[in-house]
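Colleague: kindly return the folded structure for what I paste below:
(chains A and B)
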Amino acid sequence: GAVVSQHPSRVICKSGTSVKIECRSLDFQATTMFWYRQFPKQSLMLMATSNEGSKATYEQGVEKDKFLINHASLTLSTLTVTSAHPEDSSFYICSASPFRLDPYTGELFFGEGSRLTVL
Amino acid sequence: DAKTTQPPSMDCAEGRAANLPCNHSTISGNEYVYWYRQIHSQGPQYIIHGLKNNETNEMASLIITEDRKSSTLILPHATLRDTAVYYCIARGYGNKLVFGAGTILRVKS
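Modeller: You can find the predicted model right below:
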């Protein structure tokens, strides 16, 4: 299957700093990527849809100024958690669908996840 | 998208078939049934998806009832590495993948 890679896999930062997480599709192009967040013992929650070359679409209740998403190329989307606080500590996961397929009906491939701990 | 209902947890003996049920009684005609699994502290892994017909791949089989109100994911010979949370998701064209609570499958030796 297609490969999606995230970096870093783990990050620890101080409260008030910003953290950037990268999501790359390694062997395919993705016009659409999705960002999820998962708290311990909970399911994945969709945060936003990242669209190459345009603004991201955020789910209800997700602050777009808090979670900045940039999808500058067909293989890279970044999520920046700005002014991070301890309550932002979570497992962040991205997913993508191959370029040639409709991103909403084909299978999605997920990254390994990035665990953010804010002290 | 239609809501899906899964049992919170199931146990299965190693080497035996694991049959994971999913109820999606309000599914509409254009909604596919997707199965993903998540092993602890990893990203979800795609398993299989289908619309009406039963599907099989190298990982699993998906059996969808004729009325499409329920489905069963079958892992034919479960191993300890199949211990994970399994998510059944109904997703229609143009919609996003939304995860529910899933089923925790514990494969025991």
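Colleague: what about residue 66, how many neighbours?
Modeller: Because you didn't say which chain, this covers chain A. The burial count assigned to A:Lys66 is 14, neighbours taken as other Cβ atoms under 10 Å in any protein chain shown. Backbone N, C-alpha and C define where each C-beta goes, glycine included.
Colleague: hmm, I had chain B in mind actually
Modeller: By other Cβ under 10 Å, neighbour count at B:Glu66 equals 6.
Colleague: ok, now A:Pro98?
Modeller: 19.
Colleague: so what's it up against?
Modeller: By Cβ atoms under 8 Å, 6 or more residues apart in numbering or on different chains, the contact set of A:Pro98 is A:2, A:25, A:28-30, A:106, A:109.
Colleague: and the residues you listed, which is closest to chain B?
Modeller: The nearest member of those to chain B, counting by Cβ to the nearest Cβ, is A:Phe109 at 6.7 Å.
Colleague: that closest one and B:Leu97, how far apart?
Modeller: Per Cβ to Cβ, to the nearest Å, A:Phe109 is found 11 Å from B:Leu97.
Colleague: equivalent analysis for B:Thr103, please.
Modeller: Taking Cβ to Cβ, one finds B:Thr103 at 17 Å from B:Leu97.
Colleague: repeat for B:Asp11
Modeller: Going from B:Asp11 to B:Leu97 by Cβ to Cβ gives 27 Å.
Colleague: who has more neighbours out of those two?
Modeller: Neighbour count, other Cβ under 10 Å: between B:Asp11 and B:Leu97, B:Leu97 has more, with 23 against 11.
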